[in-house]
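Chemist: Give me coordinates for this.
(one chain, ligands or ions: 1)
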Amino acid sequence: MSIRLGSVPTVVVSSPPVAEMFLKTHDVVFASRPKVQVLQSIYNGKKGIAFTELGPYWRSVRKFCNQQLFNASKIESFAPSRKEVLAHFIESLKEAAVAKEVVNISKKVGDLNEKMTLKMILGPVKKYEEFNLKDLIDELTYLAGAFNLADFVPFLGAFDLQGLKARTRTLGEKLDKALETIINDHQQQKQNDFVGMMLTELNKQMNPDGDIMDRNSIKAITIDMIVASLDTSAATLEWALSELIRHPSYLDMVVRETLRLHPIAPLLVPRESMEDIVIDGCYIPKKSRVLVNVWAIGRDPNVWSSNVEEFFPERFINSNIELHGHDFELIPFGSGRRVCPGKKLGLITVKLILAQLVHCFYWELPSGMSPNELDMTENFGTSVPRKTNLCAKPIYRM
Ligand code: HEM
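Modeler: Numbering: from 1, shown residues only. Now for the predicted structure:
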């Protein structure tokens, strides 16, 4: 489907073969990202990874992330830290079970994921509590996802009619203050977390174009990593546990089925074309925006048979549809050059926490509510978390 949002031609892709054409066959054309106006006031929108246009700088950062931060042994090296945070979490649920309390799982799981992730990215999280990083990141997620007229009618940018630019500038200053402290701490004491790993590259030339990993790159990449990992894993967990409470079933199939029905980035992260191209007979001018509607693909009866709305993990029995980004029926992590580099890590986090939650506890809904009565309304935006918090009573069973 082709539409025009303001002055920006926009293509919406809603079927697996067409998704494959954009994200695999012509991935190199569509692997850039559109400029998001508000993000220009955070290190010029050029220093991070997630919203940086395709070019030598992004390529070098992505290579560094793949090789140094997301390699299997690095992810494994954080296992003891994940287990430690998880043990505290299980203890607190055990106490709630003894007291027969209803627990706000959405909040608890969000806090747990936040602790696990921030420890891996920043190291000693407690030390940075004064900066309220979670609140700053929530504000950034809101601002980046807000419908900003200036993104579609660029001359309006100068007027900042919605006040988004001013808000982002203030937020940028707060984030910069926090990151200065974090980097200074890491410079005084060497650490093995993401920031520590990036500091070992500081001022090194990354490519023949002369780009270097400077202090602002470290700050912008750190922000991108935190934004990209907090709500994604937490919201997937919330949905998976909601579905598990309704349909106890097998973990792996459950996670695949959860991401089919509840892809956290329903339109992926927008792509932008770098040249004119004809796809499937349709002319797509340079600088078009591409939104891949994985939400619709996940609910397409031509792909998944007529029971698309049903949570039915058994559909994956004997199926070789995986989440790696090669099976275009199921691409919640995207595909191609800009595929989510954190997908392995996200899946480890989701499966580890989910397995503990269902292994150690039975879950009862409050006030005698039956599983069918559980509200499953989605809060549709750039990400799709549950509309209401998921609350249930843990009953310890070990
Ligand atoms: C269940 C969890 C997660 C989901 C569903 C998810 C989903 C996505 C999606 C759909 C994209 C865009 C892909 C495209 O354009 O084709 C993306 C990009 C990205 N994700 Fe994730 N993600 C998750 C967890 C994480 C984690 C844990 C991290 C890091 C710690 C992370 C870091 C990133 C980064 C840096 C990008 C931008 C990559 C680039 O533009 O080169 N994600 N993610």
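
Chemist: so residue 374 sits right up against residue 365, yeah?
Modeler: Yes: the criterion here is Cβ atoms under 8 Å, and residue 374 meets it with residue 365 at 6.3 Å. C-betas here are computed from N, CA, C, even on glycine.

Chemist: Overlap of the contact sets of those two?
Modeler: Common contacts of residue 374 and residue 365 (Cβ atoms under 8 Å, 6 or more residues apart in numbering): residue 245.

Chemist: Quick one: the strands in the protein, in order.
Modeler: Secondary structure of the chain (DSSP state E): strands at 2-5, 8-13, 103-104, 271-272, 277-279, 282-284, 289-292, 361-364, 391-396.

Chemist: got the contact list for residue 113?
Modeler: 229-230, 233-234, 237, 349, 353.

Chemist: Now pLDDT too, for the residues you listed, in a markdown table please.
Modeler: Shown next, in a markdown table, are these (pLDDT from 0 to 100):
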| residue | pLDDT |
| --- | --- |
| 229 | 90 |
| 230 | 87 |
| 233 | 89 |
| 234 | 89 |
| 237 | 90 |
| 349 | 92 |
| 353 | 91 |
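
Chemist: restrict those residues to those near the ligand?
Modeler: 229, 233 (Cβ under 6 Å from any ligand atom).

Chemist: So which of the contacts of residue 113 are in helices?
Modeler: 229-230, 233-234, 237, 349, 353 (DSSP state H).

Chemist: Now tabulate these in JSON lines and tack on neighbour count and distance to residue 93.
Modeler: Formatted as JSON lines, the ones in helices among the contacts of residue 113 follow (neighbours: other Cβ atoms under 10 Å; distance: Cβ to Cβ, whole Å):
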{"residue": "229", "neighbour count": "23", "distance to residue 93": "22"}
{"residue": "230", "neighbour count": "20", "distance to residue 93": "21"}
{"residue": "233", "neighbour count": "26", "distance to residue 93": "18"}
{"residue": "234", "neighbour count": "25", "distance to residue 93": "16"}
{"residue": "237", "neighbour count": "27", "distance to residue 93": "14"}
{"residue": "349", "neighbour count": "25", "distance to residue 93": "17"}
{"residue": "353", "neighbour count": "26", "distance to residue 93": "11"}
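
Chemist: out of the residues you listed, which one sits closest to the ligand?
Modeler: residue 229 (3.4 Å; Cβ to the nearest ligand atom).

Chemist: how close does that closest one get to residue 223?
Modeler: Separation of residue 229 from residue 223 (Cβ to Cβ, to the nearest Å): 11 Å.

Chemist: Then residue 392?
Modeler: On the measure of Cβ to Cβ, residue 392 and residue 223 end up 33 Å apart.

Chemist: Name the residue in the two with the higher neighbour count.
Modeler: Using other Cβ atoms under 10 Å, the more surrounded residue of residue 392 and residue 223 is residue 223, with 27 against 21.

Chemist: check contacts around that one.
Modeler: 42, 48, 137, 140, 175, 179.

Chemist: Go ahead and confirm the fourth one touches residue 175.
Modeler: So the one you mean is residue 140. Yes: taking Cβ under 8 Å as the definition, residue 140 is a contact partner of residue 175 at 7.4 Å.

Chemist: what residues do the two have in common as contacts?
Modeler: 42, 223.

Chemist: Identify the spatial nearest neighbour of residue 298, chain neighbours not counted.
Modeler: Of all residues beyond its chain neighbours, the one nearest residue 298 is residue 260 (4.3 Å), with distances taken as Cβ to Cβ, 6 or more residues apart in numbering.

Chemist: Tell me how many other residues crowd that neighbour.
Modeler: Using other Cβ under 10 Å, the number of residues around residue 260 comes to 26.

Chemist: show me what contacts it?
Modeler: Each residue near residue 260 by Cβ under 8 Å, 6+ apart is listed here: 298, 304, 330, 332.

Chemist: The ligand contacts on the stretch 251-398 of the chain?
Modeler: Counting by Cβ under 6 Å from any ligand atom, the stretch 251-398 of the chain sits next to the ligand at 264-265, 268-269, 332-336, 338-342, 345-346, 350.

Chemist: cutoff 8 Å now
Modeler: Within the stretch 251-398 of the chain, the positions adjacent to the ligand are 259, 263-265, 268-271, 292, 294, 325, 331-343, 345-347, 349-350 by Cβ under 8 Å from any ligand atom.

Chemist: Tell me where the chain is predicted with low confidence.
Modeler: Across the chain, the ranges flagged by pLDDT under 70 are 1, 5, 150, 152-153, 156-157, 161, 248-249, 398.

Chemist: Could I get the buried residue list for stretch 250-265?
Modeler: Neighbour counts using 16 or more other Cβ atoms under 10 Å place 251, 253-265 of stretch 250-265 among the buried residues.

Chemist: same check, this time on stretch 179-187
Modeler: Quick answer for stretch 179-187 (16+ other Cβ under 10 Å): 179, 182-183, 185-186.

Chemist: now swap in stretch 356-368 and tell me
Modeler: Buried residues in stretch 356-368, counted by 16+ other Cβ under 10 Å: 356-358, 360-361, 363, 365.

Chemist: Take these and keep only those in helices.
Modeler: 356-358, 360.

Chemist: JSON lines for those, including distance to residue 383?
Modeler: JSON lines is the format used below for those (distance: Cβ to Cβ, whole Å):
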{"residue": "356", "distance to residue 383": "24"}
{"residue": "357", "distance to residue 383": "21"}
{"residue": "358", "distance to residue 383": "24"}
{"residue": "360", "distance to residue 383": "28"}
